[in-house]
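*Asks:* Okay, here's the prediction I keep looking at, along with the sequence it came from:
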Number of protein chains: 2
Amino acid sequence: MGITKSEHFTEHQNTMANALKALGHPARVAIVEYLIQHKQCICGDIVSEFPLSQATISQHLRELKLAGIIQGSIEGNSKCYCLNSEVITKISQFLGFAIDSVNASKCCD
Amino acid sequence: MGITKSEHFTEHQNTMANALKALGHPARVAIVEYLIQHKQCICGDIVSEFPLSQATISQHLRELKLAGIIQGSIEGNSKCYCLNSEVITKISQFLGFAIDSVNASKCCD
DNA sequence: AAATAATATCGTAATATTGCAATATACTTT
DNA sequence: AAAGTATATTGCAATATTACGATATTATTT
């Protein structure tokens, strides 16, 4: 089928999955790494950094923005994207719970 | 095309993207949540928890295992899956860098 | 060893994603 | 306002993912 049965899961699970899926591509991981280092970017920065076309990079930026991983865009004179910590923090907390759970009691060793 | 150009990215970026992609589906988020709470599971636990077929759940567990998010399986008498913190910790660190970067200096507000 | 139970795999249909050329849009400069 | 520059969108082909019925595999029980 190829259709994800989102309706069977909670809003939180879907939000989490969307954000994680947005990060689940090497180009988008690379864009986030670029933003960690440079704090902000314009589309052209990323285009000249990686061997992907301008259309492809623009699309990846769009997906990151839709998922709330990055924010910003063209605003009058200053065009820029930068990281948005809100959603990233939520994912981080979720993973933190997982790590805590493992530390509390391990199995399958 | 539909083919990800993995070869243009670093091993770290690809590993990170694979793990994040594995988590990027509500059913797999739900499975991880189940494991956070119950520490371990067998396939049947998840099948009876969610309205997805046994074949589909088995496939999701397989993907989580391939990405290193969970470990274990059938081992003699004890059949179980549980979280594997190694890869999860790596992702968490990556997200931590992103959050630190935003806290250090914000933009696009 | 046959039957039962639990999980994995195969095959397939429906849908989603990836990537890019071409084009459209928006802003800036001349 | 025309030309130039930067980014977004559209359309499309190739590939990947999702889901499940059917079946195979593996372990347990009778």
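*Replies:* Looks like it arrived, so ask away. Numbers count the residues shown, from 1 in each chain, chains lettered A, B, ... in the order given.
*Asks:* Which parts of chain A are helices?
*Replies:* A:11-23, A:26-38, A:43-49, A:54-66, A:85-104 (DSSP state H).
*Asks:* Kindly reformat those as CSV containing mean neighbour count.
*Replies:* For the C-beta atoms, the positions are set from N, CA and C on the backbone; glycine is no exception. Compiled in CSV, the helices of chain A are given as follows (neighbours: other Cβ atoms under 10 Å in any protein chain shown):
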stretch, mean neighbour count
helix A:11-23, 21
helix A:26-38, 21
helix A:43-49, 15
helix A:54-66, 16
helix A:85-104, 17
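*Asks:* Can you lay out these as CSV showing distance to B:Asn14 and mean pLDDT?
*Replies:* Formatted as CSV, the helices of chain A follow (distance: least, Cβ to Cβ, whole Å; pLDDT from 0 to 100):
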stretch, distance to B:Asn14, mean pLDDT
helix A:11-23, 13, 97
helix A:26-38, 5, 97
helix A:43-49, 17, 90
helix A:54-66, 15, 96
helix A:85-104, 19, 96
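*Asks:* Tell me which of those sits nearest to DNA strand C.
*Replies:* Checking the helices of chain A against DNA strand C by Cβ to the nearest atom of the strand gives helix A:54-66 as the closest, at 3.3 Å.
*Asks:* is that closest one anywhere near DNA strand D?
*Replies:* Yes: applying Cβ under 7 Å from any atom of the strand, one finds helix A:54-66 touching DNA strand D at A:Gln54, A:Ala55, A:Ser58, A:Gln59, A:Leu61, A:Arg62.
*Asks:* Right, I'll leave it there.
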